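structure for this input, please:
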Amino acid sequence: MSISRCCPQAKVVELDLAAEAGLFRALADPHRLAILATLGRAEGEVCVCDFTAGLPLYQPRVSHHLRLLREAGLVTCERRGTWVYYALAPEARGRLAAALNLTLPETVRA
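I've put the predicted structure just below:
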């Protein structure tokens with residue numbers, strides 16, 4: 001016995017979106033978004049101490065969020081002595097734009 005449909009059947013997208021899901025997962029936290037927004041507006045690198053001072057989190061949690069963003073390829077870092085300095089990865093904007101466009105294209109092609 002089949003269930004009657006309320007409308008024509010939609011064609012489900014059959015793309016491998018694992019990489020895009022990883023990027024979106026990395027963004028799925030307000031503190032990580034704040035870090036990314038800070039780096040996107042910075043004229044240069046930002047010291048980890050600025051994130052520790054500016055976010056309502058303890059240092060281990062800040063480091064955890066930065067590690068997730070680094071593993072997603074959205075930020076880069078460089079250690080200088082005791083401190084680590086972070087910057088937006090050069091390809092971050094392009095990768096995020098491509099992931100969003102692949103997921104939600106402006107025009108749909110048949």
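
ok, Y85 to D50 distance?
10 Å (Cβ to Cβ, to the nearest Å). For the C-beta atoms, the positions are set from N, CA and C on the backbone; glycine is no exception.

run through the strands of this structure in chain order.
Counting by DSSP state E, the chain has these strands, from start to end: 46-47, 75-80, 83-88.

the helices in this protein, which residues?
With DSSP state H as the definition, the chain shows helices at residue ranges 18-27, 30-41, 48-54, 59-71, 92-103.

any idea which of those gets closest to R79?
Relative to R79, the nearest member of the helices of the chain by Cβ to Cβ is helix 48-54, separated by 9.6 Å.

centroid residue for this protein?
Closest residue to the average C-alpha location of the chain: L27 at 3.7 Å, with Cα atoms, centre = their mean.

skip the chain neighbours and tell me the closest residue to that residue.
In this structure, L27 finds its nearest non-sequential neighbour in L33, 6.0 Å apart by Cβ to Cβ, 6 or more residues apart in numbering.

same question for V46.
The shortest distance from V46 to any residue that is not its chain neighbour, by Cβ to Cβ, 6+ apart, is 5.4 Å, and that residue is Y86.

got it, and L88?
With Cβ to Cβ, 6+ apart as the measure, L39 is the residue that lies nearest to L88, at 4.2 Å, once sequence neighbours are left out.

just to check, the one you found is in contact with V46?
Yes. Using Cβ atoms under 8 Å, L39 makes contact with V46 at a distance of 6.0 Å.

now the closest residue to R25 other than its chain neighbours: how far from D50?
Distances taken as Cβ to Cβ, 6+ apart place A72 nearest to R25, at 7.7 Å, with adjacent residues excluded. From A72 over to D50 the distance is 20 Å, taken as Cβ to Cβ.

kindly report the same for V75.
Distance, V75 to D50, using Cβ to Cβ: 13 Å.

what's the local residue count around the residue nearest to L27?
L33 sits with 14 neighbouring residues when counted by other Cβ atoms under 10 Å.

is it true that it touches F24?
No. Proximity of L33 to F24 does not meet the contact threshold set by Cβ under 8 Å, at 11.3 Å.

so where's this structure uncertain?
Judged against pLDDT under 70, the low-scoring parts of the chain cover residues 1-2, 108-110.
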